[in-house]
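J.: Pasting the sequence and the predicted coordinates here, then a few questions.
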Amino acid sequence: MEEYAREFEGLVSLYTKTKALILRAEQVDPDSASNIAVFKEQRDAADHVMRILGAMHFNPPDGVTKDDYIRTHFDKARSHLFRASFDSLDGIGLSSKLLLKQDIAGISNEAISAVYPTYWEKVVEFDKLDEEVTKHRNAKDIGSNTLSHLESYSAVVDGLHATAQEIRQHIKHLRDWDARNKEKASKDARLDLRKEVIKFFLFAFIGGLVLEAVKAALLKPAPLSRPPAAMAATNGPVQANPPPSTNPSASVPKAP
């Protein structure tokens, strides 16, 4: 086993990194603990390690040398551990995005402007890191599974997760601001409604008074004839009864 000590050392180091990433993924999102793909990669890596140990103590299958067989399974074990690591990093990045999206949903732009004015700068930073994550995932898919690539990808995912966490720390304050603003808007709406109701009844009351006054003026009965004073003004002064005549002939009728 001495000639394979370096391979075992590298494999154990990679397994340690992989295990740490798996635990981080579970911490970011407990639901990722049921990520079957990661467990499958770990199981397959363990299977190849068992094959290595078996070949060291027993003969390998026919048609292949012991050294080739052992080194082939070292390569396969490393590949499975790399895939488990990358799958865990994918989970951390995806969970960070989804959790942030869920938390920020429904928060108004007014709350963001009032409470967290640098939010949009952080969003730009987050989007750039997300683009880097996509590039690393594409590189992984075409077979760029190296330790340097893993460390580079891990650094980008760390930045993505840290930025998401920084934004999420403000969520409670943002929601509190929205709640207060909503309550204030509701109070203002009730006050405006109360004012409108008062104005309505006030105008209705005043309108009713005006209507009654108009109706009273229109329904007042007109006089049937002009009063004596009015006739006197038109025909001159009214003559008093004349005094009796003093002429005797005026009162004695003539004989036939």
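T.: Ah, there it is.
J.: most centrally placed residue in this structure?
T.: Geometric centre of the chain, nearest residue: residue 106, 1.5 Å, by CA atoms, centre = their mean.
J.: residue ranges with poor pLDDT in the stretch 151-256 of the chain?
T.: Where the stretch 151-256 of the chain drops to pLDDT under 70, the residues are 186-188, 220-256.
J.: at 50 instead, please
T.: Residue ranges of the stretch 151-256 of the chain with pLDDT under 50: 240, 250-256.
J.: residue ranges of the helices in it, please?
T.: When secondary structure is read from DSSP state H, counting those that start in this stretch, the stretch 151-256 of the chain shows helices at 171-218, 228-235, 248-251.
J.: Any chance of JSON lines for these, columns mean neighbour count and distance to residue 10?
T.: (Each C-beta comes from the backbone N, C-alpha and C, glycine too.) JSON lines is the format used below for these (neighbours: other CB atoms under 10 Å; distance: least, CB to CB, whole Å):
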{"stretch": "helix 171-218", "mean neighbour count": "11", "distance to residue 10": "42"}
{"stretch": "helix 228-235", "mean neighbour count": "10", "distance to residue 10": "131"}
{"stretch": "helix 248-251", "mean neighbour count": "8", "distance to residue 10": "167"}
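J.: can you put the ones you listed in JSON lines and add distance to residue 70?
T.: Formatted as JSON lines, the helices of the stretch 151-256 of the chain follow (distance: least, CB to CB, whole Å):
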{"stretch": "helix 171-218", "distance to residue 70": "52"}
{"stretch": "helix 228-235", "distance to residue 70": "140"}
{"stretch": "helix 248-251", "distance to residue 70": "176"}
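J.: hmm, back to that, gap between the residue nearest to the centre of the chain and residue 171?
T.: Plainly put, residue 106 is 10 Å away from residue 171 if you go by CB to CB, to the nearest Å.
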